[in-house]
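build the 3D model from these lines:
(chains A, B and C)
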Amino acid sequence: MPRVSLFVTCIVDQAFPKVGLAMAEVLERLGYEIEFLEAQTCCGQPAFNSGYLEPARAVARHFLRTFQGSEYIVVPSGSCTTMIAHHYEDLFAQDPAMLAEVERLIPRVWEFSKFLLEVAQVDDVGARFDGVVTYHDSCHALREMKIKSGPRRLLSKVAGLTLNEMDIPEECCGFGGTFSVKFPEVSGGMARTKIESIVRTKADTVVSIDSSCLMQLQGAMSRAKLPIRTMHLAEVLASK
Amino acid sequence: MSRDYLLYKVRTALGRVSSQAPPALAAPMLHIPVIKRDSRVTEFIRHFENLAGKAFRVADAEAAGACVANLLENRTAIASNSPLLAQCGITSLPAVRSGLRDLDQLRAACASAGVGITSADYALSTTGTLVMLSSQREARLISLLPPVHIAVIPASAILANLDELFTILPTPAQQTSAMVFITGPSRTADIEQILVRGVHGPGEIRVIIIDDVTVN
Amino acid sequence: METTIKQTVADPKLQLAIYTATGRLMAKRSESIASEVLPDYQDLRTQANLLKKQAIENLDWYLEQFESNLALHGGKAVYCKNAEEVADFVLGLARERGARLIVKSKSMTTEEIDLNERLEHHGLEAVETDLGEYILQLAHERPYHIVAPALHKTRYDVAEIFSKRLGVENEVVIENQTMIARRVLREKFLSADIGITGANFLVADSGAVVLVENEGNARLTSSAPRIHIAVAGIEQLIPRAQDLAVFLQLLGRSATGQPITVYTSFLSGPRRADEIDGPEEFYVVLLDNGRTRLLADPEKRQSLYCIRCGACLNTCPVYRKIGGHNYPWIYSGPIGAIITPQFHGVMQDPWLPFASSLCGACAEVCPVKIEIPKLLLQLRSDVTAAKASEGKSGVELLAFRVFAWVMRHPRIFGFLGAVAAKLAPRVPKSMYPAALRSWVSERELPMPAPQSFRQLWRKRGRP
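Predicted coordinates for the structure are as follows:
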């Protein structure tokens, strides 16, 4: 079986390592050999989204160097994958040599659920998770990568799991990177609107493929003293 | 001079030179659904009535005239100079004024009439729309000022949709200074998103469709 | 009335009003573009985008074509570079014709140039006739939303405004309020000397102005007075009358979920020799007011494709929280966020391009496919570049340079993470840096994990 290289993302690395471990576990269960290149750090999105292109380029170059030899790079995040697969081209639009490297990189970068469905070609990873969940469509994943039915298909194969859709699954959770701290009331308000919808599903867990969304929603739900927890899709799929 | 200056700025912004022809534009993609004549009528009526209009389908000009006479109740009306209305006997009904060509008279009549009666040049079946071109036969204010608008049209005037209209009438500006599409009664939802009809234009609209008539 | 973002988000009445109004408009839009109803929807968007691209990228050509076709039918094009020139033109004409009363139908462009204020300053009476705009004019407020200008007003607000400004009895029934407005404005229509409208589209091959509405006030404004002036931004051109088949299908549905609005007027000049009614004189003001600046940027000129449907406002989770009045200009929502900095310079409201989570919902609903999030990102880097050139970068540039440096040195990244994990639980909230305080004002903060992924992975002894 081929080897996959994990790009866990800076937020998973430092704040939600269980997500990375869960992703590794699922991939190993499917027979992949896992590589974690320690040189990895971040995709550069925080700088890019804040309008600081030079720092973003510097971080992107480091990413490209780190992963230049990896055949499959698997990422537990729609927004980071989008940064790499869609915005690195914007960052290096004026640099033909770097652009060529980016073009070589893009087909090798896979958001986790897409990797499972399109490369591993499985939708049932033998998971078990007893409970009612609802799924949040993170914006970049949904709108830039058209990821919508994939994660739902994977969840449908998890034994014991019931999926209740919220009425606004596609609405933004309000994170938006630095937006969440530059416009906290708006960000908080957006989270609360989302949470009202989540509560109506009677789910005990919110699932997404983006840890940043989950961090935002969990933070708001905890503030509201709601007993609902958040889990990354990888964690659900790693459950037995 | 603002004109030359503005055009200069536009050209400079775009990196274009004067009289540089644009690239050829593909022909408009107009899709005319195939709808049989009878379906056009029923479809038109369905959409028209969905918008709170009321439609009447009659066999001939005489029946149309009778229908209008009924609808008028006790109200005064101003009718346009469309020959079809005369053919139907509408212009000779007692409470109906027509034949006005003087603007001041027309305005005064429209401002005080309870009903405005017109024909229409075309109608669109997929939306229940009336298409009216301003002309000596059809003044604009008749379908606009009075609180009720009654339109009398031959079934043959009903086209499939907007695409068909623009296919047969690609350059309306050559025909008229004012073409209007009327789809239902005047409405607004500006206050609390609550729908109210008849805010400026007619609050009630009626159409009479004549199956068999040749317009003079 | 100046409100802050904080006040608006904390006001439950306003939140409910904004949310329900925009929610309703969105739901109607969705119904009207459902694949059973409009299977060609995506094709139409593609066509609309191509047609606007053609018009904008060859704008001088289409302007001249418009002008000559307009003249052919007795109308006159009046090119104006800014607000003053428009006001001067209208005032000059009014003086020459002895005009005192003007009726206006809804036009964002005339609000953009404060036309009413300028005219009233010179003793003319300019009455808004769109119901929502009329209410706001009486209340001295600016519109809350492109398509639903008075969505923040309740019937009780309206009752108070009418009784105070019109001297009528306190009337709270909405239908009756509407009839009061109808009566008052009917008089104005019939006695006005000049009617001023906007233009939803300018049709180059016809020299025509297209007006789209539901109330009938645009028809009255353009039919009853002797003189009709349509004020339009130069970007409102479309090449051909036949292209309306595409645009009219998209505009009504995107704005309010209507396959077509109640009235669509196609006006190409003053009344003709054989026509009985209609204006004697017909002018189309072609306004720059900074549009040529937007035109000059090949990436951002697509902002000018906008047909002012308001769909991006209705779908934007940020607009739905902060409402129209928290945007610095009359154009609000996502479209406002991209054009305001281009018209006014990025440093006028440097926060504006950042007031977005970049969710992309706006780009999904835009009928002419403006890439709004892409332009927001470009504007963000324009802001940082402008700040740098003015020496105003402050601590943020430094912070991101440090960020980039750390992210290029994985061992330092790992080390700092480990330090944060040890220290963070011990730092009292009062000592949090601004960003963290901002976070905790609305949410609980996740603590850094006691061991990072890289530490845990190392422990497993994996390669």
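
who's in contact with residue 90?
You didn't say which chain, so I picked chain A. Contact analysis of A:D90 by C-beta atoms under 8 Å, 6 or more residues apart in numbering or on different chains lists C:L377. Glycine gets a C-beta too; all of them are placed from N, C-alpha and C.

hmm, no, I was thinking of chain C.
Shown in contact with C:V90 (C-beta under 8 Å, 6+ apart): C:102, C:115, C:119, C:194, C:196, C:229.

so after the host helix or strand of it, what's the next helix or strand?
Assigned by DSSP states H and E, C:V90 belongs to helix C:83-97. Per DSSP H and E, the first helix or strand lying C-terminal to helix C:83-97 is strand C:101-104.

got the contact list for the helix or strand that that following strand is followed by?
Scanning forward in sequence from strand C:101-104 by DSSP H and E, the next helix or strand is helix C:108-112. Helix C:108-112 has contacts (C-beta under 8 Å, 6+ apart) with C:83, C:104, C:116, C:142-143, C:146, C:196, C:198-199, C:231-233, C:287, C:289, C:308, C:329-331.

contacts for whichever helix or strand comes after helix C:108-112, please.
Toward the C-terminal end, the helix or strand that comes next after helix C:108-112 (DSSP H and E) is helix C:115-121. Outside helix C:115-121, the residues within contact range by C-beta under 8 Å, 6+ apart are C:83-84, C:86-87, C:90-91, C:94, C:102, C:104, C:110, C:126, C:128, C:137, C:196, C:231.

in its sheet, which strands sit next to the following helix or strand past helix C:115-121, and in what direction?
Using DSSP H and E, the helix or strand that follows helix C:115-121 in sequence is strand C:125-128. Partners of strand C:125-128 in the sheet, by DSSP bridges, are strand C:101-104 (parallel).

export the partner strand to PDB, keeping only CA atoms.
Extracted C-alpha coordinates of strand C:101-104, given in PDB (Å, rounded to 0.1, in the frame of the first residue of the first chain):
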ATOM      1  CA  LEU C 101     -41.700  70.100  -8.300                       C
ATOM      2  CA  ILE C 102     -39.800  66.900  -9.000                       C
ATOM      3  CA  VAL C 103     -41.000  63.300  -8.400                       C
ATOM      4  CA  LYS C 104     -38.400  60.600  -8.100                       C
END
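
who's the nearest residue to C:V86 once chain neighbours are set aside bridged to?
Residue nearest to C:V86 in three dimensions, not counting chain neighbours: C:C80, with 4.6 Å by C-beta to C-beta, 6 or more residues apart in numbering or on different chains. Beta-bridge partners of C:C80, counted by DSSP bridges, are C:L287.

pretty sure C:C80 sits against C:V284.
No. Between C:C80 and C:V284 there is no contact under C-beta atoms under 8 Å: 10.6 Å.

more neighbours: which of these two?
Taking neighbours as other C-beta atoms under 10 Å in any protein chain shown, C:C80 and C:V284 compare with C:V284 leading, 27 against 23.

A helix includes the more buried one, no?
No. Going by DSSP: H, G, I helix; E, B strand; the rest coil, the assignment for C:V284 is strand, not a helix.

need the contact list for it.
C:66, C:70, C:75-78, C:199, C:202, C:209, C:229-230, C:232.

which residue is the nearest non-sequential neighbour of it?
C:A230 (4.8 Å).

which SSE is that neighbour in?
strand C:227-233.

let me see the domain layout of chain A.
A:3-118, A:124-238 (automatic domain parsing).

may I have the distance across the longest one, first residue to last?
So the one you mean is domain A:3-118. 16 Å (C-alpha to C-alpha, to the nearest Å).

for that domain, the averaged confidence score.
Averaging pLDDT along domain A:3-118 gives 97.

tell me the contacts of B:S92?
B:S92 makes contact with B:A86, according to C-beta under 8 Å, 6+ apart.

same check on C:S381?
Listed by C-beta under 8 Å, 6+ apart, the contact partners of C:S381 are A:51-53.

where's C:W439, which helix or strand?
Here C:W439, judged by DSSP H and E, is contained in helix C:434-440.

make TSV from the contacts of C:V284 and add distance to A:E185 to it.
Converted to TSV, the contacts of C:V284 look like this (distance: C-beta to C-beta, whole Å):
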residue	distance to A:E185
C:F66	46
C:L70	49
C:G75	50
C:K76	50
C:A77	47
C:V78	45
C:A199	38
C:L202	41
C:V209	42
C:I229	43
C:A230	41
C:A232	37
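
mind listing the strands for chain C?
Secondary structure of chain C by DSSP state E: the strands cover C:76-80, C:101-104, C:125-128, C:194-197, C:201-203, C:208-213, C:227-233, C:237-238, C:263-267, C:281-287.

other SSEs contacting the fifth one?
Packing partners of strand C:201-203 (3 or more C-beta pairs under 8 Å, 6 or more residues apart in numbering or on different chains; DSSP states H and E): strand C:208-213, strand C:237-238, helix C:244-256.

near chain B, anything from the last one?
Meaning helix C:244-256. Yes. Helix C:244-256 reaches chain B (C-beta under 8 Å from any C-beta of the partner chain) through C:244-246, C:248-249.

which outside residues touch that helix?
Contacts for helix C:244-256 (C-beta under 8 Å, 6+ apart): B:28-30, B:162-163, B:166, C:25, C:28-29, C:32-33, C:38, C:44-45, C:47-48, C:51, C:147, C:200-201, C:203, C:210, C:212, C:214, C:238, C:258-261, C:264, C:266, C:307, C:309-311, C:365, C:367-368.

same deal with the first one?
Residues external to strand C:208-213 that are found in contact with it (C-beta under 8 Å, 6+ apart): B:172-173, C:69-70, C:105-106, C:130, C:197-203, C:218-219, C:222, C:230, C:232, C:241, C:244, C:248, C:251-252, C:261-268, C:284.

relative orientation of that strand and strand C:281-287 in degrees?
90 degrees (axes from the mean of the first three to the mean of the last three C-alpha atoms, to 10 degrees).

partners of strand C:208-213, with directions?
Checking strand C:208-213 against DSSP bridges gives partners strand C:201-203 (antiparallel), strand C:263-267 (antiparallel).

take those and write them to JSON lines, including mean pLDDT and mean neighbour count.
Shown next, in JSON lines, are these (pLDDT from 0 to 100; neighbours: other C-beta atoms under 10 Å in any protein chain shown):
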{"stretch": "strand C:201-203", "mean pLDDT": "98", "mean neighbour count": "27"}
{"stretch": "strand C:263-267", "mean pLDDT": "98", "mean neighbour count": "26"}
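
possible to save those strands as CSV with distance to C:Q302?
Output for those, formatted as CSV (distance: least, C-beta to C-beta, whole Å):
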stretch, distance to C:Q302
strand C:201-203, 17
strand C:263-267, 25
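
closest one to B:L106 among those?
strand C:263-267 (18.5 Å; C-beta to C-beta).

now do that closest one against helix C:244-256, angle only.
Going by the same axes, to 10 degrees, strand C:263-267 makes 140 degrees with helix C:244-256.

contacts for strand C:263-267 next, please.
The contact list for strand C:263-267 (C-beta under 8 Å, 6+ apart) reads B:172-173, B:177-183, B:186, B:201, C:203, C:206, C:208-214, C:216, C:218-219, C:222, C:228, C:230, C:241, C:244, C:248, C:282.

kindly recompute the last result at 7 Å.
The contact list for strand C:263-267, computed with C-beta atoms under 7 Å, 6 or more residues apart in numbering or on different chains, reads B:172, B:177-182, B:201, C:208-213, C:216, C:218-219, C:222, C:248.
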